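>>> With the input below, show me the fold.
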Amino acid sequence: MGIAKLAKLIRSDAPTSVRNKEIGDYSVCFCAPGKIIALDTSIVLNQFRSAVPGHLKLRPPNEKRAVLEKRAQSTGWSSSPSSNTVSSFTQDCQRLLVLMGVPCIRAPGEAEALCAHLVKSGAVNAVASEDMDTLAFGGTVLLRQLNSKKDSEVSEYSLPKLLEALQLTHKEFVDLCILLGCDYCDKIRGLGPSRALKLIKEHHTIEGVMEHVNRKTHPIPSNWDYKAARKLFFEKPQIDAPVLAWNEPDEEGLVQFLCQEKPLKEIKVRGRIQKFRESLLKRRKQREVDDKMGPTRQSRLEEFFPAARRRKAESTVVGRSGGTKRLKTK
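Reported below is the predicted structural model:
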């Protein structure tokens, strides 16, 4: 879930903090290096819950277990709330990433918090996630709708621009996210996004909101542990600065793992590896040509006017400041 209705609030009150881009905008070109994007792989693994029940024993904080239990029940299986061990399925995924040459870091706690820390510290350029709580954790750049399609559109959220547009400090923003509804505690019932934003602007903290909210129309949850949720959003992950290094895929290691330890056919695995190597070599050669030509390279028109690539799928929205912002219509 992330933060309930935060994306809707941003579209209405802070549209200038979102930009529509394409996946190609984050790749290497003659004028800029490629971008490093952190991804919470547990989100990808969770997509397989209904197909592989009982295999995903990740390491969420205690505050999130109630939410995970509800999600588990909706897919027809029960998770193990007392287990903090890494499942064999998760270990297989980590091993596969290493064999493919992709750097993989095991988060000491909530992976979203670590990803946000990596972009905030400058180790990566952005976090790719559908969960909006990356922004609450302090992630300065969030990418949504990121996929492997070459011409896919990506929504890029900027936390600094968001705070500026909403006229909030990061502490006030975290309290707003808790009021909207997060994965770590209950929320005040009946409190919509616009009302929650207005109350935070007026009273600055959840404590201030609680003193002035109408408890008949907006009852406070009993034993509401919002302070624990707030603490989680501000905790710095206890991990050393990571060294992110990409390597060539280990073909023989992949064949050993996927074809001898797992039931895949060797001819298909080697074929996919060969296609990947050919694609990688082609991109590297094109990059070398672009680097040699530098600014004299003849650029395509859409490189100078990227908005033209998406004009058919966008509409113009007028912000409160009087400016305009192109947003993807749904």
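
>>> centroid residue for the protein?
For the chain, the residue nearest the mean C-alpha position is Ser129 (2.0 Å; CA atoms, centre = their mean).

>>> Would you mark the buried spots in the top helix by length along the chain?
For the chain, the helix with the greatest residue count under DSSP state H is helix 266-293. Neighbour counts using 16 or more other CB atoms under 10 Å place Val269, Ile273 of helix 266-293 among the buried residues. The C-beta positions use only the backbone N, C-alpha and C, and glycine is treated the same way.

>>> Show the contacting residues for the residue nearest to the centre of the chain.
Each residue near Ser129 by CB atoms under 8 Å, 6 or more residues apart in numbering is listed here: Gly2, Leu39, Asp40, Ile43, Glu112, Cys115, Leu142, Leu143, Arg144.

>>> quick check, nearest of those to Leu162?
Leu142 (9.4 Å; CB to CB).

>>> wait, isn't the closest one in contact with Asp133?
No - using CB atoms under 8 Å, Leu142 is not in contact with Asp133; the gap is 9.6 Å.

>>> who's more crowded, these two?
Each of Leu142 and Asp133 has its neighbours counted (other CB atoms under 10 Å); Leu142 has more, 28 against 24.

>>> List the contacts of the one helix or strand that one maps to.
Assigned by DSSP states H and E, Leu142 belongs to strand 141-144. Applying CB under 8 Å, 6+ apart, the contact partners of strand 141-144 are 7, 37, 119, 125-130, 132, 134-135, 154-159.

>>> re the thing from before, tell me the phi and psi of the residue nearest to the centre of the chain?
Here is the backbone geometry of Ser129 (degrees, to the nearest 10): phi -160, psi 150.

>>> and what of the one 4 residues further on?
When read as degrees, to the nearest 10, the backbone of Asp133 gives phi -70, psi -10.

>>> now the strands for the stretch 51-200 of the chain?
Listed in chain order, the strands of the stretch 51-200 of the chain (DSSP state E, counting those that start in this stretch) span 126-128, 141-144, 153-158.

>>> do the same with the stretch 201-330 of the chain
314-318, 324-328.

>>> With distance to Lys187 and mean pLDDT as new columns, can the strands of the stretch 51-200 of the chain be given to me in TSV?
Compiled in TSV, these are given as follows (distance: least, CB to CB, whole Å; pLDDT from 0 to 100):
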stretch	distance to Lys187	mean pLDDT
strand 126-128	24	90
strand 141-144	21	92
strand 153-158	21	90
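
>>> Identify, out of the ones you listed, the most deeply packed stretch.
Mean neighbours per residue, mean count of other CB atoms under 10 Å, is largest over those for strand 126-128, with a mean of 25.

>>> Tell me the strands beside that strand, with direction?
strand 37-39 (parallel), strand 141-144 (parallel) (DSSP bridges).

>>> Could you save those as TSV and add columns showing distance to Ala228?
Below are the strands paired with strand 126-128 laid out as TSV (distance: least, CB to CB, whole Å):
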stretch	distance to Ala228
strand 37-39	25
strand 141-144	24
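
>>> For the strands of the stretch 51-200 of the chain, give me a markdown table that also has distance to Lys236.
Formatted as a markdown table, the strands of the stretch 51-200 of the chain follow (distance: least, CB to CB, whole Å):
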| stretch | distance to Lys236 |
| --- | --- |
| strand 126-128 | 16 |
| strand 141-144 | 18 |
| strand 153-158 | 21 |
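
>>> Ok, which of these comes nearest Cys259?
So among those, strand 126-128 is nearest, using CB to CB, at 29.8 Å.

>>> now the helices: where do they sit in the stretch 1-150 of the chain?
6-13, 41-46, 65-74, 88-99, 111-120, 133-136 (DSSP state H, counting those that start in this stretch).

>>> mind exporting the fifth one as PDB, just the C-alpha atoms?
Going back to what we said before, that points to helix 111-120. Output in PDB follows, covering the C-alpha atoms of helix 111-120 (Å, rounded to 0.1, in the frame of the first residue of the first chain):
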ATOM      1  CA  ALA A 111      14.100  -2.500   2.200                       C
ATOM      2  CA  GLU A 112      12.300   0.700   1.200                       C
ATOM      3  CA  ALA A 113      14.100   2.500   4.000                       C
ATOM      4  CA  LEU A 114      17.500   1.300   2.700                       C
ATOM      5  CA  CYS A 115      16.700   2.200  -0.900                       C
ATOM      6  CA  ALA A 116      15.600   5.700   0.300                       C
ATOM      7  CA  HIS A 117      18.900   6.000   2.300                       C
ATOM      8  CA  LEU A 118      20.900   5.100  -0.800                       C
ATOM      9  CA  VAL A 119      19.400   7.800  -3.000                       C
ATOM     10  CA  LYS A 120      19.500  10.300  -0.200                       C
END
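
>>> Now do it: distance to the chain's middle.
9 Å (CA atoms, centre = their mean, to the nearest Å).

>>> for that helix, packing partners?
strand 37-39, strand 126-128, helix 133-136 (3 or more CB pairs under 8 Å, 6 or more residues apart in numbering; DSSP states H and E).

>>> and if you look at the fourth one?
If contacts are counted by 3+ CB pairs under 8 Å, 6+ apart, helix 88-99 sits against helix 41-46, helix 251-255.
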